[in-house]
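Visitor: fold the following for me, if possible:
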Amino acid sequence: MKLVKEIDRLKKQRIKLEKKTKAKIRRLREEGEREAVRADFLEAELEATYTPKWIQSVYGDWFNNIPADKASPFYCAIAKLPKEVIDFVFKYYYFSLITPKIFGRCLSFLPLIRAKKKGMILFTEAIWKKSQTFISFIIAHEVAHACLGHVGGNDVHTEKSLKKQEKEADKLAIKWGFKMPKEYL
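Guide: Okay, here's the model as predicted:
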C-alpha cells in the first residue's frame, strides 16, 4: 500500500510539472515570435522525456553491468511503462546482470539502503537470446514485483504464495499493456 501511495505521489508530481511546463510554453508563445523558439525547445524537451533515448541519457548508470550494446531492449521496454512507474523504479531500484539460469529477479539488499535504493532488479544474459516481446514482458514483470512490494531476500514463502505473487506481477505487466509471450507460458 505504501508503494502505491509513493507511485501516486510521483504521478501527481510529474503531472504538476508537465502542467507548469505547458503553461510556460503557452506564455512564451503569447510573448511573440522571439520567444517561440524557446517554447519550441521546451515542447520538444517535454515530448522527448520517457523515450528510450531519454531513459538512456538520464538513467544509463542504473543499468549496472549491462553492456551498452545489450541495454537498448531494456530502454525500449522501460519506455513503455507508465511514466510514474518509471519514476518510481529509477528512484528506488538499480538494474543489474546476474548469471543464474533464471531470466530475472527483484531483490532487496541492505547495502543499497545507504544509496536510498530499495533493491536491484536482476537479469541474466539468457534474456538477450529471447524476442523483444519476451524481454519487454520480463522487464515489466520484474518492475511489477518491485511496485507490488514483492522483493526477495530472506523472506520465507510457500509455493502457493510465490505462485500468487507471480500471477499478480503478470497481471500488472499485462495491465500496463505488455503482451505475455507464448514462450513465457
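Visitor: what helices or strands is the helix or strand containing Leu122 leaning on?
Guide: Element membership for Leu122, per DSSP states H and E: strand 119-124. Packed against strand 119-124 by the contact rule (3 or more CB pairs under 8 Å, 6 or more residues apart in numbering; DSSP states H and E) you find strand 93-98, strand 104-108, helix 132-148. Every C-beta, even on glycine, is put in place using the N, C-alpha and C of the backbone.
Visitor: for that strand, what is the average pLDDT?
Guide: Averaging pLDDT along strand 119-124 gives 79.
Visitor: can I get that strand as CSV, trimmed to CA atoms?
Guide: Extracted in CSV, the C-alpha atoms of strand 119-124 (Å, rounded to 0.1, in the frame of the first residue of the first chain):
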residue,chain,number,x,y,z
GLY,A,119,16.9,-3.1,-4.2
MET,A,120,18.0,-4.4,-7.6
ILE,A,121,16.2,-5.8,-10.5
LEU,A,122,18.4,-8.5,-11.9
PHE,A,123,18.6,-10.1,-15.3
THR,A,124,20.7,-12.8,-17.0
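Visitor: what lines up beside it in the sheet?
Guide: Sheet partners assigned to strand 119-124 using DSSP bridges are listed as strand 93-98 (parallel), strand 104-108 (antiparallel).
Visitor: tell me the mean pLDDT for stretch 9-29?
Guide: The average of the pLDDT scores along stretch 9-29 is 85.
Visitor: helices and strands of the chain: which one has the lowest mean pLDDT?
Guide: One helix or strand of the chain scores below all others by mean pLDDT, DSSP states H and E: helix 111-114, with a mean of 50.
Visitor: follow-up on the earlier one: by mean pLDDT, show me the worst of the strands paired with strand 119-124.
Guide: When those are compared on mean pLDDT, strand 104-108 scores lowest, with a mean of 57.
Visitor: just checking, what's the longest helix in the chain?
Guide: helix 2-30 (DSSP state H).
Visitor: next one: that helix to chain centre, how far?
Guide: Centroid displacement of helix 2-30 relative to its chain, using CA atoms, centre = their mean, to the nearest Å, is 18 Å.
Visitor: following element in sequence after that helix, please.
Guide: Counting by DSSP H and E, what follows helix 2-30 is helix 33-48.
Visitor: residues of that following helix that come out buried?
Guide: Neighbour-count burial for helix 33-48 flags 39, 43 (criterion: 16 or more other CB atoms under 10 Å).
Visitor: then stretch 20-35?
Guide: Per 16+ other CB under 10 Å, stretch 20-35 contains these buried residues: 25, 28.
Visitor: what's that stretch in contact with?
Guide: For stretch 20-35, the external contacting residues (CB atoms under 8 Å, 6 or more residues apart in numbering) are 36, 38-39, 42-43, 46.
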